[in-house]
Each structure stands twice: as structure tokens, then as C-alpha cells.
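Undergrad: Got a predicted structure here, sequence first:
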Amino acid sequence: MARSFNYLFQTNMKPSSHFWAGVRAELPLLVGVFPFGMIYGTLALNAGISLAASQGMSSILFAGSSQFAFAQLVHDHAPALVIILTIAVVNLRHMLYSASLAPFMRDLSPRWKILLSYLMTDEAYAVAVLNYERVGAAAGAQYYFFGAGFALWATWQISTALGLWVGAALPASLPLDFALPLTFIAMVVPALKNRPAIAAALSAGLVALLAYSIPYKLGLILAALTGIVVGTILESRVGRNAIPPYNAEEK
Amino acid sequence: MNIWLIVIVGGLITFGMRFSFIWLLGRYDVPVTMRRALHYVPPAVLSAIVFPELFLPSGQLDLSLGNARLLAGLVAIAVAAWTKNSLLTILAGFISLLVFEALFAIR
């Protein structure tokens, strides 16, 4: 991902050069994102969510894994509060991204800060932070971030719409709802690189089974918190250096 | 169902988290414990969603060999661990479910 596409950052470059460099750096990631947008569109429709709300989720929320969780929980008739809480927990990691990019974005106008915050997904962050680490808070770097973020945004909107269109044509007898847990398995398993992460996943799963009958799907929140606490405690016991960095959404 | 309420409130919260530290001008850093805890959010939340889907397909604990979803899920976990390829994982899991369901229907 560190390949530069012959892009050598210079402050006297035109904003559009930075923008397109950002788009180009994002391209390899888009290949992986596109099918997921389509799967999301198909599953949202299958979960009984309206076309407008499914697409609205992609443009207003614009955060892949939480959209999958949203579709799953609507499918399971979870109450709105639990769904919102789950979305919040799944997206907590964006605070980390925000903290890591903040020093580079200090001098931007409020308008830029709002725009780039809205576009800050896992994939856009990955590309933007690499560039910031190369060039620092240089003037023009925001156009690079904007290019990466916009490319991903457009891809996500188009692939969602395509998924909604394809989903409507698929036979209802297909067990499409199973693609949701499969998507989560595909996200989680490759990232279980150390014992605290495995323990977090197993303890959360076990509590989810034991607490399944608690009303309002609150067992899910309880299970998630258990996993987070177990992982955190184990990690502080093992010691930080023993553990490789964890990236949940490598694609 | 108040879907749009979820979309808008969920969207506002997500934006708020993305904007949080950028808005604070980078003056504050995330505390170490929270940074550590955040790493375990994805495995914890996603497993909490996946386990009941595999083990409680009809709301009841089903550890039998007739539980097609559990078997297909195990295939997917194996493929995910082996290949680390998301699309391959989803495809393998989905096809196994169709195969297991067809087999159990015959029996």
C-alpha cells in the first residue's frame, strides 16, 4: 500500500493533482469494497429494510461493518435503542482514527474538518494516514485525503444501489440471511492473531449464547462488553510488546 | 419500525466519533486503556452476533450434526483461517449451507 504511483508530494502542486493521487491510492482497496457494498445492499433488502433506508444508511452512516450489524438486527427485530447502541460500539474505533489524524488536520477550516470526518472510513483512513506520515500537515494534503475518501464514498453508494437492484431479483428461497454471519466470520477470523483477541471472541460468543433470552437483545451488548473486558485484561497481563497490532478490517 | 430514527441517530453518533478528536484540535490523545480496549471491539461484537446464528438457529441450542448452519459456519471459519480471503469465506460458507440443507432434506 506504500506504493506511490509516482506521486511525489510537493506543496506547489495543483489541488487536483493531490485529489487524483488520493483516488489512485484508494483504487486497490475499492476492488475489495465493491462486492461488500453489493452484499450489504442485497442483505438489507432481504432483512426487510426499504430501498430508501438501505441506501440512506450507506450515505448517512457510511460505515460498512455497522451497516451489516444494522441489517442483521433489523432482521432479528431488535429494538431501535439496542441497534443504535450496537452501531455506536462497532464504530467506536473511528475515535482512534480521529485522534490519530487530528494533529495533521489542526489548521484546516471547520468545513474541511467536517467533510473529511464524514469521509473517514477504515479504508480512507488507511490511505490518508500513510500520506500524512509521509508529508506531514502540508498544505494540499487534505485534497489527497478527500480524493481517497470520495473514491470510496462513490464506490460504496454505487455498489449498494447495485446490490439492492440484484437483491430484488434473487429468489426468496435462498438462505441469504446467512451471508451476514458469514461476512462477520470473514472479518473476524483472520484478525484473531493473538490469545487476547481469541479469548475476547470466544468469551463474547459464549455470553451471547447464555444471555440470548434476555429481552431486547441486551444479551448482545452484555456479550460485547464481556469480550472487550476479557481481551483488555488479558492484554495488560501479557504485556503490550508481545502483541502485534490488531486491524479488524483488513480486506 | 422506526428505521429512519436508527439511520439518523446512528449516523449522527458515527459522525460524532469521527469528528471528536479532530474537533478537539488534536490537543487530547486517547488514553492507553481505551486504545487497548478498542482493539477488542470488533472480535467481541461480531462474535456476539455470529455465535447465536450458528448455535441457536431456531432459538434453541442445537449442537447436533443436523444443524446445517453450525456446520457451514465451521467450514467458513476454516476457510477464513486458511485463506484470509473474505469473498472466498462467504462463498464457501454459503455453498456449504446449501449443500448441507439439501443433504439433510434427502435424509
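TA: Structure's in. What do you need?

Undergrad: Show me where the chain has its helices.
TA: Chain wasn't specified; assuming chain A. A:15-46, A:51-56, A:64-75, A:80-90, A:93-105, A:110-118, A:122-135, A:141-169, A:179-188, A:195-210, A:218-238 (DSSP state H).

Undergrad: not what I meant, chain B
TA: Under DSSP H, chain B gives helices at B:3-23, B:32-38, B:41-55, B:68-83, B:86-106.

Undergrad: And these: which comes nearest chain A?
TA: Closest approach to chain A among these is made by helix B:41-55 (2.7 Å; C-beta to the nearest C-beta). Bear in mind the C-beta positions are built from the backbone N, C-alpha and C, glycine included.

Undergrad: Walk me through the domains of chain B.
TA: B:1-30, B:39-106 (automatic domain parsing).

Undergrad: Could you export these as CSV, including mean pLDDT?
TA: Below are these laid out as CSV (pLDDT from 0 to 100):
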stretch, mean pLDDT
domain B:1-30, 88
domain B:39-106, 92
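
Undergrad: Now tabulate the ones you listed in TSV and tack on mean neighbour count and distance to A:Ala197.
TA: Compiled in TSV, these are given as follows (neighbours: other C-beta atoms under 10 Å in any protein chain shown; distance: least, C-beta to C-beta, whole Å):
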stretch	mean neighbour count	distance to A:Ala197
domain B:1-30	18	19
domain B:39-106	19	5
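
Undergrad: what's the neighbour count on the residue of chain A found nearest chain B?
TA: Chain B sits closest to A:Gly227 of chain A, with a gap of 2.7 Å, by C-beta to the nearest C-beta. Neighbour count for A:Gly227, taken as other C-beta atoms under 10 Å in any protein chain shown: 30.

Undergrad: related to what we said a few turns ago, so can I have JSON lines of the domains of chain B showing distance to chain A?
TA: Conversion of the domains of chain B to JSON lines gives the following (distance: least, C-beta to the nearest C-beta, whole Å):
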{"stretch": "domain B:1-30", "distance to chain A": "3"}
{"stretch": "domain B:39-106", "distance to chain A": "3"}
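
Undergrad: rewinding a little: of the helices of chain B, which is nearest A:Gly56?
TA: helix B:3-23 (5.2 Å; C-beta to C-beta).

Undergrad: and the angle from the closest one to helix A:64-75?
TA: 160 degrees (axes from the mean of the first three to the mean of the last three C-alpha atoms, to 10 degrees).

Undergrad: so what's the residue nearest to the spatial centre of chain B up against?
TA: Residue closest to the mean C-alpha point of chain B, counted by C-alpha atoms, centre = their mean, is B:Leu46 at 3.3 Å. Neighbouring residues of B:Leu46 by C-beta atoms under 8 Å, 6 or more residues apart in numbering or on different chains: A:65, A:69, A:184, A:187-188, A:201.

Undergrad: And the furthest pair within those?
TA: A:Ala69 and A:Ala201 (15.3 Å).

Undergrad: residues touching the residue of chain A closest to chain B, list them.
TA: Residues counted as contacts of A:Gly227 (C-beta under 8 Å, 6+ apart) are A:200-201, A:203-205, A:207, B:40, B:43-45, B:47-48.

Undergrad: got it, and B:Phe94?
TA: Contacts of B:Phe94 (C-beta under 8 Å, 6+ apart): A:175, A:178-179, A:182, B:72.

Undergrad: And for A:Met13?
TA: Shown in contact with A:Met13 (C-beta under 8 Å, 6+ apart): A:Gly140.

Undergrad: so where's chain A uncertain?
TA: Filtered on pLDDT under 70, chain A yields the residue ranges A:1-11, A:239-251.

Undergrad: Could you list the domains of it?
TA: As assigned by automatic domain parsing, chain A contains the domains A:15-169, A:192-242.

Undergrad: Select, out of those, the one closest to B:Asn67.
TA: Between B:Asn67 and the domains of chain A, the shortest gap by C-beta to C-beta is with domain A:192-242, which sits at 13.3 Å.

Undergrad: Check the gap between the closest residue in space to A:Ser50 that isn't next to it in sequence and B:Gly10 for me.
TA: Spatially, and ignoring its direct neighbours in sequence, A:Ser50 is nearest to B:Ile3 (6.9 Å; C-beta to C-beta, 6 or more residues apart in numbering or on different chains). Distance, B:Ile3 to B:Gly10, using C-beta to C-beta, to the nearest Å: 10 Å.
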